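K.L.:
Following is a predicted model, sequence given first.
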There are 2 protein chains.
Amino acid sequence: MSVRIFSGGQRIESIPADDRGLAYGDGIFETMRAHGGELPWWDAHWQRLAHGAQRLGFPAPRQALVREQAQAMLEGGDGVLKLLVTRGSGARGYAPGVATPPTWVLSLHSLPPAPAQGLCLRWCQTRLSLQPALAGLKHCNRLEQVLARAEWNGSTGNPDPADEGLMRSTEGDVVCATAANLFVLQEGRWTTPPVDRCGVAGVCRGWLLAHADVREKRLSVTDVETAQAVFLCNAVRGILPVARLGAARTWPAHPLVAELQARLADAHPGFGRH
Amino acid sequence: MSVRIFSGGQRIESIPADDRGLAYGDGIFETMRAHGGELPWWDAHWQRLAHGAQRLGFPAPRQALVREQAQAMLEGGDGVLKLLVTRGSGARGYAPGVATPPTWVLSLHSLPPAPAQGLCLRWCQTRLSLQPALAGLKHCNRLEQVLARAEWNGSTGNPDPADEGLMRSTEGDVVCATAANLFVLQEGRWTTPPVDRCGVAGVCRGWLLAHADVREKRLSVTDVETAQAVFLCNAVRGILPVARLGAARTWPAHPLVAELQARLADAHPGFGRH
């Protein structure tokens, strides 16, 4: 893993021990798909990052410097580039205190393998709590996702064929997968849950809302189980058709999913035809 | 600030850039009051830490080593010792993956000044979300507390005399202060909110539940405002009488608070009479 760490405009050797990202998850991140050394969705990622920093009340680093460093790390190649930005160093205690330069970390990772077929999903027991003050942000308080993801293939060592897990809020509505947004086809129309109470406003989700006929509506378990087609999406893996949910529900490949995949492949060169 | 960083049993120079505590707040912490080089509540802190690590599904470091290092750092003095333990290094993604040694950080801080008089409290607008899977733990997902604490004397730069802020859950019940538990006297009896849906099971709170006549019960805003006496507590500052809440409500010093302070001073030598 290639990594560069900065404090404001200054490159530093390592994460300060008093970093508030480490202490409190007091930060935000973006995970971007690079293609041929480019980051085709840079603007959308930066917009979400800047919005998150504003809502948490700390400055984002200088965009031009981050992008220049990102491009230098990519060296023209493909991969996944993660950008983490924290509030920076701080004294003990929750008070943000005097403004310090944000700590930011760029790390380059290999592309995940493209799934050979539709995903198998499971239901997670861990629920998402309702917190409008943080909903939508890709912030670093991710223990709910960590616990949900640990429910299979995880700490138990129990083999399980699931590729992803669907998460419900504490009120029972279906929100997303642990690391992807959820889209379902109902009566020929795409629906995705809102992210106003929990969940992340995914960049691929945002692209779909802007470029396809999608409505935002809360979904029940039954809504998902009776959908005509289901897919997950995120900015690293694009659109991922779902083939199975739990033991009972299966979906054959659906032409409307393939159509969206084709449109996405035209819009973002990293997401070639599957 | 004096700091020592370890990976499992090995002392290391700095926080690894791929630490899951930094990435996801995937860790827990304890903040302990040291007195004359000793940590009088070590057992209670360690018990909560071990319980937290178990619930999050990662190993705690070896207790004897942590304690030995803590004592070496204290050099017989007073102060605040913070112990942070994370799941350690990990690949990108929420899956905890293969077990790695926990990262742990000991840092020594100066004692906060003892308040000259009763605290002035305010109501925080930021609410605590309901998450039974994490409730009670002193985990590192603390953005709610950071946002609540930033409501005054914070990023706005607005001077405000409040010493602490009371937080309600998203359902409206009063849970705690941003960095302390809450006790109120009702009809001559102490009550503290349960921490089964949100909030932290504070070590000083635990001592009070074990050594005083305290019941756990959800509290409304009116319950707090009509209480005969109110105090906050935590393991660093002990019992802190409250003198004022918002603009309207004031409380004179109450003998039953002073009595609990005296008992605490007998039980924990760091908390001498105020």
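P.N.:
In hand now; what should we look at? Numbers count the residues shown, from 1 in each chain, chains lettered A, B, ... in the order given.
K.L.:
Okay, now the unreliable bits of the stretch 51-200 of chain A?
P.N.:
Along the stretch 51-200 of chain A, the parts satisfying pLDDT under 70 run over A:154-160.
K.L.:
For it, which segments count as helices?
P.N.:
Using DSSP state H, counting those that start in this stretch, the helices assigned to the stretch 51-200 of chain A run over residues A:63-74, A:143-149.
K.L.:
looking at the ones you listed, which is closest to chain B?
P.N.:
Chain B lies closest to helix A:143-149 among those, at 4.0 Å (C-beta to the nearest C-beta). Backbone N, C-alpha and C define where each C-beta goes, glycine included.
K.L.:
Output the contacting helices and strands for that closest one.
P.N.:
Helix A:143-149 is packed against strand A:164-168, helix B:20-24, helix B:42-56, with contacts defined by 3 or more C-beta pairs under 8 Å, 6 or more residues apart in numbering or on different chains; DSSP states H and E.
K.L.:
wait, what's in contact with A:Q63?
P.N.:
Contact criterion C-beta atoms under 8 Å, 6 or more residues apart in numbering or on different chains gives A:W46, A:A50 as the residues in contact with A:Q63.
K.L.:
so how far is B:S169 from it?
P.N.:
37 Å (C-beta to C-beta, to the nearest Å).
K.L.:
now swap in A:E164 and tell me
P.N.:
Distance from A:E164 to B:S169, by C-beta to C-beta: 30 Å.
K.L.:
And those two? Which one has more around it.
P.N.:
Relative neighbour count places A:E164 above the other of A:E164 and B:S169, with 24 against 19, counting by other C-beta atoms under 10 Å in any protein chain shown.
K.L.:
Could you check how many residues crowd around the nearest residue to that one once chain neighbours are set aside?
P.N.:
Closest residue to A:E164 apart from its sequence neighbours, by C-beta to C-beta, 6 or more residues apart in numbering or on different chains: A:A177 at 4.4 Å. Neighbourhood size, A:A177 [other C-beta under 10 Å]: 25.
K.L.:
list the contacts for A:A177?
P.N.:
A:L121, A:E164, A:G165, A:L166, A:M167, A:L232.
K.L.:
bridging residues for it?
P.N.:
Listed beta-bridge partners, A:A177: A:L166, A:A180 (assigned using DSSP bridges).
K.L.:
Could you pull out the buried residues of stretch A:117-136?
P.N.:
Buried residues in stretch A:117-136, defined by neighbour count with 16 or more other C-beta atoms under 10 Å in any protein chain shown: A:118-124, A:126-131, A:133-136.
K.L.:
oh sorry, the question was meant for stretch A:85-104
P.N.:
Per 16+ other C-beta under 10 Å, stretch A:85-104 contains these buried residues: A:85-90, A:92-97, A:100-104.
K.L.:
Show only the entries of those found in strands.
P.N.:
Of the buried residues of stretch A:85-104, the ones assigned to strands by DSSP state E are A:V85, A:T86, A:T103, A:W104.
K.L.:
pretty sure A:L130 contacts A:G172?
P.N.:
No: with the criterion set as C-beta atoms under 8 Å, A:L130 and A:G172 do not qualify as a contacting pair; they are 11.2 Å apart.
K.L.:
Would you verify that A:W207 is located in a helix?
P.N.:
Yes: when classified by DSSP: H, G, I helix; E, B strand; the rest coil, A:W207 is found to be part of a helix.
K.L.:
residues touching it, list them.
P.N.:
Contacts here follow C-beta under 8 Å, 6+ apart; on that basis A:W207 touches A:W41, A:A44, A:L264, A:A267, A:H268.
K.L.:
for A:H139, same thing?
P.N.:
By C-beta under 8 Å, 6+ apart, the residues touching A:H139 are A:G25, A:G27, A:I28, A:G52, A:L56, B:L143.
K.L.:
Tabulate these (a markdown table), appending distance to A:M1.
P.N.:
Written out in a markdown table, the entries for the contacts of A:H139 read as follows (distance: C-beta to C-beta, whole Å):
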| residue | distance to A:M1 |
| --- | --- |
| A:G25 | 21 |
| A:G27 | 18 |
| A:I28 | 20 |
| A:G52 | 23 |
| A:L56 | 26 |
| B:L143 | 26 |
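K.L.:
Now the stretch 1-150 of chain A against chain B: closest residue?
P.N.:
The minimum distance from the stretch 1-150 of chain A to chain B, using C-beta to the nearest C-beta, falls at A:G25 (2.6 Å).
K.L.:
looking at it, that residue is touching A:E144, isn't it?
P.N.:
No: using C-beta under 8 Å, A:G25 is not in contact with A:E144; the gap is 11.5 Å.
K.L.:
Could you check which of the two is surrounded by more residues?
P.N.:
In this view A:G25 and A:E144 are compared by other C-beta under 10 Å, and A:G25 has more residues nearby, 27 against 23.
K.L.:
how about the residue nearest to the more buried one when sequence neighbours are not counted, phi and psi?
P.N.:
Leaving out its chain neighbours, the residue that sits closest to A:G25 by C-beta to C-beta, 6+ apart is B:G25, at 2.6 Å. The phi and psi torsions at B:G25 (degrees, to the nearest 10) take the values phi 60, psi 30.
K.L.:
for A:R4, same thing?
P.N.:
Main-chain torsions, A:R4, degrees, to the nearest 10: phi -130, psi 130.
K.L.:
what's the neighbour count on it?
P.N.:
Count around A:R4 with other C-beta under 10 Å applied: 17.
K.L.:
Leaving out the residues flanking it, which one is nearest to it?
P.N.:
Spatially, and ignoring its direct neighbours in sequence, A:R4 is nearest to A:L106 (4.9 Å; C-beta to C-beta, 6+ apart).
K.L.:
need the contact list for that neighbour.
P.N.:
Applying C-beta under 8 Å, 6+ apart, we find A:L106 in contact with A:V3, A:R4, A:V66, A:Q69, A:A70, A:M73, A:L81, A:K82, A:L83.
K.L.:
From A:C124, how far off is it?
P.N.:
For A:L106, the distance to A:C124 equals 30 Å [C-beta to C-beta].
K.L.:
which residue ranges form the strands in the stretch 101-250 of chain A?
P.N.:
Listed in chain order, the strands of the stretch 101-250 of chain A (DSSP state E, counting those that start in this stretch) span A:103-109, A:119-123, A:164-168, A:174-177, A:181-186, A:189-192, A:214-216, A:229-234, A:238-245, A:249-250.
K.L.:
export these to JSON lines and tack on distance to B:I15?
P.N.:
Written out in JSON lines, the entries for those read as follows (distance: least, C-beta to C-beta, whole Å):
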{"stretch": "strand A:103-109", "distance to B:I15": "11"}
{"stretch": "strand A:119-123", "distance to B:I15": "33"}
{"stretch": "strand A:164-168", "distance to B:I15": "29"}
{"stretch": "strand A:174-177", "distance to B:I15": "29"}
{"stretch": "strand A:181-186", "distance to B:I15": "31"}
{"stretch": "strand A:189-192", "distance to B:I15": "37"}
{"stretch": "strand A:214-216", "distance to B:I15": "39"}
{"stretch": "strand A:229-234", "distance to B:I15": "27"}
{"stretch": "strand A:238-245", "distance to B:I15": "33"}
{"stretch": "strand A:249-250", "distance to B:I15": "43"}
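K.L.:
To B:P194, which of these lies closest?
P.N.:
With C-beta to C-beta, the closest approach to B:P194 among those belongs to strand A:164-168: 23.7 Å.
K.L.:
was I right about A:L121 contacting A:R244?
P.N.:
Yes: with contact defined as C-beta under 8 Å, A:L121 counts as touching A:R244 (6.7 Å).
K.L.:
quick one on the thing from earlier: hmm, which two among the contacts of A:A177 are most spread apart?
P.N.:
Using C-beta to C-beta, the two most remote members of the contacts of A:A177 are A:M167 and A:L232, lying 11.6 Å apart.
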